[in-house]
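Undergrad: Predicted structure and sequence below. I'll ask about it afterward.
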Amino acid sequence: MHDDYRTPKGTLVTFDPARAAEFVRNGQVVAFPTETVFGLGALALDANAVQGIFAAKVRPADNPLIVHGHTRGALDVAVDHWTDAARALGDGFWPGPLTVVVPARRMFRTPSRRALAPSVCGCRTTPARLRSWPPSAPRRGPSANRSGRPSATRLEDVLADLDGIIPCVLAEDAITTHGIESTVVDCTEAVPRVLRAGAIPLESVREVCPDATAVAADGSSGARSPGTLHPHYAPRARVTLVTGATELEGDAQTAWIGLREPPAPGPFASVVVCRDVADYAQRLFAFFRDADRAGLMRILCETVPDEGLGTALMDRLRRAAEARG
Ligand code: TXA
Ligand code: MG
């Protein structure tokens, strides 16, 4: 067991879920680990608390926040009605890395948006801790990173973006399990549509909803999640995607991540060879942040087949590469 401590900038790092829950109940913003990435929690019905999340993330006001509940029932105060697809997907995957988009109750609508994105995410907590975390009231739950930056999968990454800005972080020893965000599925129309590829692959969504579709990565087949329209997942280093054996020079300012050793002569500043696509997805954001911390100029990322979890991984890789043109 670790001792709680306060950073020099004043953020409390606690290992006690009850202590973190107290901050949430008092209308404050807390970062906490989920099975996908670290999230930022604040009471969904407290306008000041929700405003605190937008301010902490420097998040564009047009990018809505998902809502977390510890059960589907806890989300009924926010959801107008659960469509058949949302019900079926919730039964199949909750608690788990799935976010559905469903009609919102009036107080959760905005002039431009009548739908809401709830999730019963699996919290990375032991059964003993679950009694105090998560708090039972619905909470807003965006990823705990400054807007546009890679999501945070480790305590140090949360603090790199939010130290001194949020009052409390609930810490964990290990990094988050999936390392990549939840799958967002629009369930407001007759045919469910994946708006953001995530930890649950389209193939698995189709086992529950066989007719489910996915919007194209470039948005050409319909609107994506609003958040996917903003620059995202970008490290400061320039990201180049590498497919197959390419003539590429490594150098001391370049890092490599992939399923194989780099197809280029070294030396590299760092080389991360992942066991499989799941391992790659789990390590990607931490790798980006380590490269930034080391002040590297260039990152080479091996591409993976666009299937299964590889679809979500390729989405993050493409967007990281696009962010610097
Ligand atoms: O795994 C996750 O989903 C993490 C953990 C912490 O729960 N959260 C997360 O939140 O990734 P965020 O805010 O970084 O991404 C949520 C995505 C954004 O692309 C946002 O635009 C979209 O969900 N979204 C939120 N509300 C929506 C709505 N009403 N309709 C369509 N998309 C929505
Ligand atoms: Mg995010």
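TA: Now that the structure is in, tell me what you want to look at. Numbering: from 1, shown residues only. Ligands and ions are numbered 1, 2, ... in the order given.
Undergrad: which residues of the stretch 1-150 of the chain score low on pLDDT?
TA: Under the criterion pLDDT under 70, the flagged ranges of the stretch 1-150 of the chain are 1, 123-131.
Undergrad: Could you rerun that using 90?
TA: Where the stretch 1-150 of the chain drops to pLDDT under 90, the residues are 1-2, 16-18, 34-35, 62, 70, 110-112, 121-137.
Undergrad: Helix or strand for Met314, just tell me which one.
TA: Element membership for Met314, per DSSP states H and E: helix 309-322.
Undergrad: Please spell out which residues along that helix are buried.
TA: Neighbour counts over helix 309-322 (16 or more other C-beta atoms under 10 Å) mark 309-321 as buried. Where you see a C-beta, it was placed from the backbone N, CA and C, and this is true even at glycine.
Undergrad: just those that are near ligand 1?
TA: When C-beta under 6 Å from any ligand atom is applied, no member of the buried residues of helix 309-322 is adjacent to ligand 1.
Undergrad: Now render the residues you listed as JSON lines, adding pLDDT.
TA: Below are the buried residues of helix 309-322 laid out as JSON lines (pLDDT from 0 to 100):
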{"residue": "Leu309", "pLDDT": "98"}
{"residue": "Gly310", "pLDDT": "98"}
{"residue": "Thr311", "pLDDT": "97"}
{"residue": "Ala312", "pLDDT": "97"}
{"residue": "Leu313", "pLDDT": "97"}
{"residue": "Met314", "pLDDT": "97"}
{"residue": "Asp315", "pLDDT": "95"}
{"residue": "Arg316", "pLDDT": "95"}
{"residue": "Leu317", "pLDDT": "96"}
{"residue": "Arg318", "pLDDT": "94"}
{"residue": "Arg319", "pLDDT": "92"}
{"residue": "Ala320", "pLDDT": "93"}
{"residue": "Ala321", "pLDDT": "93"}
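Undergrad: which bits of the chain sit near ligand 1?
TA: For the chain, the contact set with ligand 1 under C-beta under 6 Å from any ligand atom comprises 34, 36-37, 39, 63-66, 97, 99, 101, 113, 115-117, 119, 121, 141-143, 181-182, 184, 195-196, 225-228.
Undergrad: Show only the entries of those residues found in strands.
TA: Among the residues of the chain next to ligand 1, the members found in strands (DSSP state E) are Gly39, Thr99, Val101, Ala115, Leu116, Ser119, Val184, Leu195, Arg196.
Undergrad: Which pair in the residues you listed has the greatest spatial separation?
TA: Greatest spatial distance among those (C-beta to C-beta): Gly39 and Ala115, at 20.1 Å.
Undergrad: thinking again about what came up before, biggest separation within the buried residues of helix 309-322, which pair?
TA: Across these, no pair lies farther apart than Leu309 and Ala321, at 18.6 Å, counting by C-beta to C-beta.
Undergrad: in the stretch 1-150 of the chain, which spans are helices?
TA: Using DSSP state H, counting those that start in this stretch, the helices assigned to the stretch 1-150 of the chain run over residues 17-25, 47-57, 84-93, 127-130.
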